[in-house]
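Asks: take this sequence and fold it.
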Amino acid sequence: MFIIRHFILVGPAVSSRLVRIRRVAVEKGLVAIITSDDTDCRVTFDLNSQKSLCNFGQGVDRLIQDQRINDRRFRDAADKARVAFADFQSHLGSELHKCPTQEVACGEEAFDRLLRRGHFLDWDAKKVASLAEGWLVACEIELEAHAAEFGASDWRGVLKRLADHHPPVDQYYARYRNLWESCRSAVESNQLLTWPDYPIQYVAQPRWLRRAAPHLYFLSYRSPAPYDEISLVDYLVTPIEPEMAPEEQKRLLQATNDSVIKLNHVVHHGGPGHHVQNWYAFRARSRIGQVAAVDCASRIALFCGGSMAEGWACYVTDLMGEVGFLTPLEQYAEHHNWLRMAARALVDVRLHSGAFTLDQAAQFYQDRIGMPPEAARNEAVKNSMFPATALIYLVGSKRIHALRREMEVRQGAGFDLRRFHDRFLSYGSIPVTLIADAMRTTTAQHGGSDETK
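Replies: Below is the predicted model:
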């Protein structure tokens, strides 16, 4: 739960949510993934690790101080939530810890049902796995073939160089804004889409959140509520301050280098990716399309919004590469992003068919895409919790690329890239397959032309 508006506007709602935490945790129980290996049992509680639970109370104290909250009801609600977190932490370490299991697969039948009725795909799991395997190998070949161009023997050596390209501390926050402005300029000058008047500001994470954020699946950008007219959206970035030790500043700058800022925080999330797509979604005719991809406590609001939301954000990163917005090194890094997307799709299928255990999935991530052990384990656990979800990045973006190629052929000289993107986005966050069907129908009805001309 994050407070992105002034507390005086949302205080009662926040207090109500905090009170409900105890009821959910104690009376109804929470879902956890229990995993084991040869040496110990490990309980993984997604989004709220034990460290973040311990930091909850300190964060609330800081929030009350920073925003000068005098409402006693908020303090009482926060105290109840703190007790609920502590009780659940105890439950994880005692009762659930005694019952480890490696059985995490949802099964092929359930998985295929999610593909058909959630994403509206005409593919089964085997088709998805085949696509992912083929793309995985193709990306590996591409990465290895061009590593020498950057003076490295393999792709791991090339990617290490990304960390050296970062702003100085005194220009760190400004770099986000500058790259956002450059991105918008590139979109408009190349007539890629109609960029709405929907400003965003990159600001440091509030101090009350900072101790817990590193231990959470923290989202710097969260979709605004679709029926809330927020004129300026806050994007919460990793704080790097002048008073930090030089070693810590360097570590954080290398981790949040120019490539991370541009590809992830600007293009994928804060610019033409999620942020612009959200603006269009909020104005879609479909109520489902308006709300499906809004960020909630556990991923997005509706499963069916995933192929559009993540597929578009990955597709648009490719698009920015097409128009030269990425440097050669960043373009190379984008090939590795595709490698990661293919690996995640393949793990998604194999994990839920029973072909992979969690340990095998984590090892696969380490071996094939170079994930550190802890990150690989966390990714595998997350994949086990949300079947048919890790694949949406690859499948969604591939489907958008295919639709664009199809429309280019159908419309010939009349094809207009900006009109195509504007029209595609106008459907909101519904499955890409359904958008493609609708656009094909409309194009056919107008003799192969775009009705928005």
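Asks: how much space between residue 295 and residue 302?
Replies: In this structure, residue 295 and residue 302 are 12 Å apart, going by CB to CB, to the nearest Å. Backbone N, C-alpha and C define where each C-beta goes, glycine included.
Asks: tell me where the stretch 51-200 of the chain has helices.
Replies: Counting by DSSP state H, counting those that start in this stretch, the stretch 51-200 of the chain has helices at residues 72-93, 108-113, 125-146, 155-160, 172-189.
Asks: out of the ones you listed, nearest to residue 254?
Replies: Among the helices of the stretch 51-200 of the chain, helix 155-160 comes nearest to residue 254, with 9.8 Å by CB to CB.
Asks: what's the mean pLDDT across the closest one?
Replies: Helix 155-160 shows a mean pLDDT of 96.
Asks: repeat for stretch 279-290
Replies: 96.
Asks: which residues does that stretch contact?
Replies: With contacts defined as CB atoms under 8 Å, 6 or more residues apart in numbering, stretch 279-290 is touched by 196, 198, 226-227, 292-293, 302, 304-305, 422, 425-430.
Asks: just stretch 396-415 next, same as before
Replies: Contacts to stretch 396-415, defined as CB under 8 Å, 6+ apart, come from residues 131, 306-312, 314-315, 318, 341, 417, 420, 424, 432-433, 435-436, 439-440, 443, 448-450, 453.
Asks: try it again at 6 Å.
Replies: Identification of contacts with stretch 396-415 by CB atoms under 6 Å, 6 or more residues apart in numbering yields 307, 310, 311, 314, 315, 420, 432, 436, 443, 448, 449.
Asks: pLDDT, distance to residue 103 and secondary structure added to these, as TSV?
Replies: Output for the contacts of stretch 396-415, formatted as TSV (pLDDT from 0 to 100; distance: CB to CB, whole Å; DSSP: H, G, I helix; E, B strand; the rest coil):
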residue	pLDDT	distance to residue 103	secondary structure
307	97	28	helix
310	97	27	helix
311	97	30	helix
314	97	31	helix
315	98	35	helix
420	98	45	helix
432	98	32	helix
436	97	36	helix
443	89	47	helix
448	61	52	coil
449	62	53	coil
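Asks: out of these, which comes closest to residue 262?
Replies: Of all those, residue 262 sits closest to residue 314, with 14.7 Å by CB to CB.
Asks: ok, that closest one - contacts?
Replies: Per CB under 6 Å, 6+ apart, neighbours of residue 314: 393, 397.
Asks: tell me, which helix in this protein spans the most residues?
Replies: helix 328-353 (DSSP state H).
Asks: for that helix, buried residues please.
Replies: By neighbour count with 16 or more other CB atoms under 10 Å, helix 328-353 contains the buried residues 329-353.
Asks: quick check, nearest of the contacts of stretch 279-290 to residue 90?
Replies: Checking those against residue 90 by CB to CB gives residue 302 as the nearest, at 33.4 Å.
Asks: not counting sequence-adjacent ones, nearest residue to that closest one?
Replies: Leaving aside its chain neighbours, residue 302 sits nearest to residue 292 (3.9 Å; criterion: CB to CB, 6 or more residues apart in numbering).
Asks: got the phi and psi for the one you found?
Replies: phi -60, psi -40 (degrees, to the nearest 10).
Asks: picking up where we left off before, same question for the longest helix of the chain, mean pLDDT?
Replies: Taken as a whole, helix 328-353 has a mean pLDDT of 97.
Asks: stretch 198-210 too?
Replies: 90.
Asks: and that stretch, how far apart are its ends?
Replies: Between the opening and closing residues of stretch 198-210 there is a gap of 27 Å (CA to CA, to the nearest Å).
Asks: now do stretch 383-396
Replies: First residue to last in stretch 383-396 (CA to CA) measures 17 Å.
Asks: so where's the chain uncertain?
Replies: Along the chain, the parts satisfying pLDDT under 70 run over 1-15, 17-57, 92-93, 95-102, 447-453.
Asks: 90 - rerun?
Replies: The model of the chain has pLDDT under 90 over residues 1-104, 206-219, 222, 224-231, 296-299, 378, 443-453.
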